[in-house]
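Student: Below: sequence and its predicted model.
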Amino acid sequence: INCLQFSSLLLFCFGLCSSWWGGVQMGPPDPILGVTEAFKRDTNPKKMNLGVGAYRDDQGKPFVLSCVRKAEALIASKQLDKEYLPIGGLGEFTKACAQLALGNDSEVLKSSRNITVQTISGTGSLRIGANFLSRFHGGPRDVYLPKPSWGNHTPIFRDAGMQLKAYRYYDPSTCGFDFKGALEDISKIPEQSVILLHACAHNPTGVDPRPEQWKEIADIVKKRNLLVFFDMAYQGFASGDIDRDAWAVRYFIEQGHNIVLSQSFAKNMGLYGERVGGFTVVCKDAEEAKRVESQLKILIRPIYSNPPMNGARIASTILSTPDLRSLWLEEVHGMANRIIKMREQLAAGLKKNGSSHNWQHVIDQIGMFCFTGLKPEQVERIIKEYSVYMTKDGRISMAGVSSGNVGYLAEAIHAVTK
Amino acid sequence: MSVFSDVPQAPPVAVFKLTADFREDSHPQKVNLGVGAYRTDDCQPWVLPVVKKVERLIVEDESLNHEYLPILGLPEFRSASSKVALGDDSAAIKDNRVGGVQALGGTGALRIGAEFLRRWYNGVNNTATPVYVSAPTWENHNAVFADAGFKDIRPYHYWDAAKRGLDFTGFQDDLEKAPEHSIFVLHACAHNPTGTDPTQEEWKKIAEIMKRRNLFVFFDSAYQGFASGSLDKDAWAIRFFVSEGFELFVAQSFSKNFGLYNERVGNLTVVAQDSENLTRILSQMEKIVRTTWSNPPSQGARIVSKTLNCPELFAEWYAANVKTMADRVLLMRDQLKSKLQALGTPGTWDHITQQIGMFSFTGLNPKQVEFMIKEKHVYLMASGRINMCGLTSKNIDYVAQSIHDAVTTIQ
């Protein structure tokens, strides 16, 4: 008998001693986590972690918003109980969440034709949405993502039973929006397919369509009769203005698109680990909204029964307490402004270093992330030689940039691109 | 034409509908014996004193922030949780073959475990592996495994309505006849909804059959400590199976024993054959978690972790708070049985004190249940399940009388 047969025989003989899990493959390491792991091991005092997708202040520290601390103190004083939330979540939260996205005077809210459920942040929201579409959407199984999109979109939709396709989005030659390519691709999408749009601060590129471009997209999407799935993870965080960042979402609704929408409060309220999010379906009318709600509950119950209270309570308190809300708007504006400032300083720094490249995209792109345009070999070099950590696609998190290290970053980028 | 015009109205989840109906009821003597949450003798929810204490500590700690937890959760929480289930001196833990996945409540732990089994157990993506759940069982078990992709979910004999106890013969029979590699969901203690647990001798027999027939052990442990008042006693079955060498999953919930219902604190304890297997298993668990909720919520895990990892807080939780809850339930069981016996209510009522945990399967039939709800405004599940925590010194006479009336007037 050969080696393989012998080892199979051995395994058979071991019988009860063998594990159920011999066939479980080692899962590939998470690419973004991998960046942080390598960063942690690096002993270079100038090292920079630009993989992190969480906001940092100008000292490079996590930032707990004052409005959050105040809300927490308020909540603590109320001595609330810990009873289960309804499956759809905290009512005050879901109401405020929908209002934030759609606007206070939204016709959708007035006619109660939306259903908004509390979810486990943005991921949980996308997953519930994907599961709902998988079960109830009568159209094609295909979800069209922009190319590129957040890495986790694909496995989320896939695990929910949907299939993934793409439409052109990012133009590497301009480090900007491939408007023509996007329109061409979208115009060919089979009717009733699902198209996912990033509401603002596109992740990972930071490239957003301009309002006139959004209008044309809305138009072609309507012509193709596509179901729009908006992912809004950065409302307020992109431009600093919550209404401006929600403009595309509201415009589509006004144009008659009955969208589905995922919201996250991880970044704009700094509530990352509390897992605060919302999923909204804009329905034909209140009756349909009730039916949809009942089915969302049936989906949610066998995943986690009902959502966690803490973060939703904080978010709801902030949104519905006038002075906390104003404070929040200020702080969100502050975070967005710091990012914008770092963009400007980086672009200026690159120019100062004598770079011959066009770095306008660093300023034009919006939100936490910047697609530098660095090629994989350049990324490898900048990590190895300068201890500047980023993902292979050249994406950097501007949140990891501070006034203290933006100069070094400019030097490093210039060094690997000159 | 809406894309959702064909979406049918789903029936409401029964246990929550019951509470909703209860809330709308204006009858002065109404009693809610439905949803499984602890109540004080004043029929109020109870935030454990140790929880209040720890929450204050957390709010006052300026060094804490709201950053993401790792995908598998708070490390100190995961290890402390698994230790609570398996015991301080667990050989399996010492052997580095035990891991935890922080999850959203017991439900979340069950779901992650179920997803993993569907992907990696008994082949790859084998949706045909039979999953056995007790008859009856917590109503959500079915949906958890079905939505995880399993196509063949079957009951195993458990509740014997005639003798109001465990149908151990039927249970063993199902174990012997189940296809090899079938998954069995076992309630670690305080069976929901019957409150009827196997004895230690019966557990030993169950383990013997399961080992011989290569059946997979998936424990659901939602009441550790809450059932008998003793963490060790309530985990006996889990620990016995681990000592017998089983690779198994334990879905743990801290909703009841910490009263942290709405913070969604749970842990999937994985006992693997060795640390190498464990590493691969956890890497795949990460992938499942990443597309479900990315990483779990922080607050509840912090509270439980701080409490379990600090001797004084642990003592306060265990010896004071958990004991308070367990003792009150035992007292209500005792008194309900006494009152029914004193009333001369037909039938035997020993099962009320023999059963364990939050729930009691009264034996009331659907018609009698309807009578209880409509005529007496005493709300309980159609199965006849009552939550002992809903009983108080103030309402127990009314409830006993209502049961008496139901049994004597309705067949």
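Tutor: Alright, I've got the coordinates.
Student: okay, now residue A:406: neighbour count?
Tutor: Using other Cβ atoms under 10 Å in any protein chain shown as the criterion, residue A:406 is surrounded by 20 other residues. For glycine as for every other residue, the C-beta is placed from the backbone atoms N, C-alpha and C.
Student: what's the helix or strand for the residue nearest to it when sequence neighbours are not counted?
Tutor: On the basis of Cβ to Cβ, 6 or more residues apart in numbering or on different chains, the spatially nearest residue to residue A:406 that is not a chain neighbour turns out to be residue A:345, at 4.7 Å. If you go by DSSP states H and E, residue A:345 is part of helix A:322-352.
Student: On the C-terminal side of that helix, identify the next helix or strand.
Tutor: Scanning the chain past helix A:322-352 towards its C-terminal end, the next helix or strand to appear is helix A:360-364 (assignment: DSSP H and E).
Student: Can you tell me the strand partners of the helix or strand that that following helix is followed by and which way each runs?
Tutor: With elements assigned by DSSP H and E, the helix or strand that comes after helix A:360-364 is strand A:369-371. Take DSSP bridges as the rule and strand A:369-371 pairs in its sheet with strand A:395-397 (antiparallel).
Student: Which elements pack onto whatever helix or strand comes next after the partner strand?
Tutor: Following the chain from strand A:395-397 toward its C-terminal end, the next helix or strand by DSSP H and E is helix A:406-417. In this structure, helix A:406-417 packs against helix A:322-352, helix A:376-386, strand A:388-389, with contacts taken as 3 or more Cβ pairs under 8 Å, 6 or more residues apart in numbering or on different chains; DSSP states H and E.
Student: Quick check: which of the ones you listed is nearest to residue B:403?
Tutor: With Cβ to Cβ as the measure, helix A:322-352 is the member of those nearest residue B:403 (49.6 Å).
Student: Now do that closest one: which elements does it pack against?
Tutor: Packing contacts for helix A:322-352, counted by 3+ Cβ pairs under 8 Å, 6+ apart, involve helix A:66-78, helix A:309-320, helix A:360-364, helix A:406-417.
Student: Other residues contacting whichever helix or strand comes after the longest one?
Tutor: Secondary structure here is assigned by DSSP H and E; on that basis, the next helix or strand after helix A:66-78 toward the C-terminus is helix A:91-102. Judged by Cβ atoms under 8 Å, 6 or more residues apart in numbering or on different chains, the contacts made with helix A:91-102 from elsewhere in the structure are A:88, A:106, A:108-109, A:114, A:116-118, A:232, A:235, A:242, A:246, A:249-250, A:253, A:261, A:263, A:265, A:276, A:278, A:280, A:312-313, A:315-316, A:319-320.
Student: most tightly surrounded among the helices and strands packed on helix A:322-352?
Tutor: For those, average neighbour numbers computed from mean count of other Cβ atoms under 10 Å in any protein chain shown are highest in helix A:309-320, which has a mean of 25.
Student: Run through the strands of the stretch 201-350 of chain B in chain order.
Tutor: Counting by DSSP state E, counting those that start in this stretch, the stretch 201-350 of chain B has these strands, from start to end: B:216-221, B:248-253, B:266-271.
Student: Nearest to chain A, out of those strands?
Tutor: Evaluated over the strands of the stretch 201-350 of chain B, closeness to chain A peaks at strand B:216-221, with 7.0 Å, by Cβ to the nearest Cβ.
Student: which strands and helices sit next to that closest one?
Tutor: Applying 3+ Cβ pairs under 8 Å, 6+ apart, we find strand B:216-221 packed against helix B:105-120, strand B:183-187, helix B:236-243, strand B:248-253.
Student: Give me the sheet partners of it and which way each runs.
Tutor: Using DSSP bridges, strand B:216-221 pairs in its sheet with strand B:183-187 (parallel), strand B:248-253 (parallel).
Student: quick one: low-confidence ranges for the stretch 301-411 of chain B?
Tutor: Low-confidence segments of the stretch 301-411 of chain B, defined by pLDDT under 70, are absent.
Student: what does it have sitting close to chain A?
Tutor: By Cβ under 8 Å from any Cβ of the partner chain, no residue of the stretch 301-411 of chain B approaches chain A.
Student: show me where the stretch 301-411 of chain B has helices.
Tutor: In chain order, the stretch 301-411 of chain B shows helices spanning B:311-315, B:323-343, B:350-354, B:366-374, B:396-409, with DSSP state H, counting those that start in this stretch as the criterion.
Student: repeat for the stretch 1-150 of chain B
Tutor: With DSSP H, counting those that start in this stretch as the criterion, the stretch 1-150 of chain B has helices at B:14-24, B:49-60, B:75-86, B:91-94, B:105-120, B:140-147.
Student: Export the helices of the stretch 301-411 of chain B as a markdown table, with columns for mean neighbour count.
Tutor: Listed next are those as a markdown table, based on neighbours: other Cβ atoms under 10 Å in any protein chain shown:
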| stretch | mean neighbour count |
| --- | --- |
| helix B:311-315 | 13 |
| helix B:323-343 | 18 |
| helix B:350-354 | 17 |
| helix B:366-374 | 17 |
| helix B:396-409 | 18 |
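Student: Mind checking those for the one nearest to residue B:131?
Tutor: Go through those one by one with Cβ to Cβ and the one that ends up closest to residue B:131 is helix B:366-374, at 26.8 Å.
Student: mind checking how far that closest one is from the chain centre?
Tutor: The chain centre lies 26 Å from the centre of helix B:366-374; the measure is Cα atoms, centre = their mean, to the nearest Å.
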